[in-house]
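A.B. asks: Show me how the following folds:
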Amino acid sequence: MNLPLSGTLHAVLFDMDGTLVDTEELWLDVVEEVTARHGGTLGAQGREAVLGRSVEDTAELLYGSLGVPRARLADELGRGFSDSLAGGAVPRPGALALLAALRAESVPTALVSASPRAVVRQIAGSLDGHGFDAVFGAEDTPRTKPAPDPYLAAAARLGADPARCVAVEDTPTGVASAEAAGCVVLAVPSVQPIAPGPGRTVLTDLTRADVGLLRSMVREAASEAG
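C.D. replies: Numbers count the residues shown, from 1 in each chain. Next up, the predicted model:
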């Protein structure tokens with residue numbers, strides 16, 4: 001794959017849940033249902049803690065208060081989330097248009113999610129007409145978000161410099177992962193607020209994003225880095 005020179009956009013790496021498709025509330029509902037099934041209450045802090053987290057990380061968090069075996073919790077969470085998506089997922093505003101624009105300009109893209117691989121491929125299939133050059137689920141790297149591993153792996157798969165990639169995220173957990181990998185970040189918060197910061201642009205949704213904006217974000221980051 002022939003990539004642009006340094007200082008230009010190499011690739012765009014998309015989170016899935018809450019970023020491309022409207023699934024964060026579905027995930028929270030599943031976590032609350034599993035928690036209640038075992039006699040617990042998730043609460044506001046618990047809801048914040050599980051956003052953007054993998055099934056395994058969420059099971060670990062719930063284990064501390066529920067005492068139910070982690071493997072059982074992970075199985076219930078994974079099956080519940082997959083079942084909730086059986087009818088498909090609704091794309092977030094502007095998501096499909098941005099994917100189409102990137103494909104039209106031959107900008108490589110990857111789907112980078114903390115959801116189980118089976119769920120990621122299930123959703124990727126519904127967006128397949130827009131094409132991803134790489135797809136990563138929670139099991140595809142040694143660590144998942146908020147560790148940088150998923151974004152580093154996606155950039156490596158595309159032969160791209162992470163600093164010349166824009167990662168599109170909707171949660172603080174995902175933003176932490178992308179920034180730890182050295183990516184420029186476009187944040188489109190779905191449930192929790194995200195503040196602007198160095199190398200980070202925040203929009204209300206993807207209807208305001210286009211290829212020109214993503215390219216300018218990378219140029220600005222490269223200029224600031226010297």
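A.B. asks: Check what pLDDT Gly46 gets.
C.D. replies: On pLDDT, Gly46 comes in at 89.
A.B. asks: how far away is Leu13 from Thr141?
C.D. replies: 13 Å (CB to CB, to the nearest Å). (C-beta placed from N, C-alpha, C; glycine too.)
A.B. asks: and the next element down the chain from the helix-or-strand element of the chain with minimal mean pLDDT?
C.D. replies: When each helix and strand of the chain is scored by mean pLDDT, DSSP states H and E, helix 117-126 comes last, with a mean of 81. Counting by DSSP states H and E, the next helix or strand C-terminal to helix 117-126 is strand 134-136.
A.B. asks: elements contacting the next helix or strand after that following strand?
C.D. replies: Sequence-wise, the next helix or strand downstream of strand 134-136 (DSSP H and E) is helix 149-158. With contacts taken as 3 or more CB pairs under 8 Å, 6 or more residues apart in numbering; DSSP states H and E, helix 149-158 sits against strand 11-14, strand 109-112, strand 134-136, strand 165-169, helix 172-180.
A.B. asks: can you state the direction angle for helix 149-158 and strand 165-169?
C.D. replies: Orientation of helix 149-158 against strand 165-169 (axes from the mean of the first three to the mean of the last three CA atoms, to 10 degrees) gives an angle of 140 degrees.
A.B. asks: Next, the angle helix 172-180 makes with helix 149-158.
C.D. replies: 50 degrees.
A.B. asks: how far out from the middle of the chain is helix 149-158?
C.D. replies: Chain-centre distance of helix 149-158: 13 Å, with CA atoms, centre = their mean, to the nearest Å.
A.B. asks: in that helix, what's buried?
C.D. replies: 149-155, 157-158 (16 or more other CB atoms under 10 Å).
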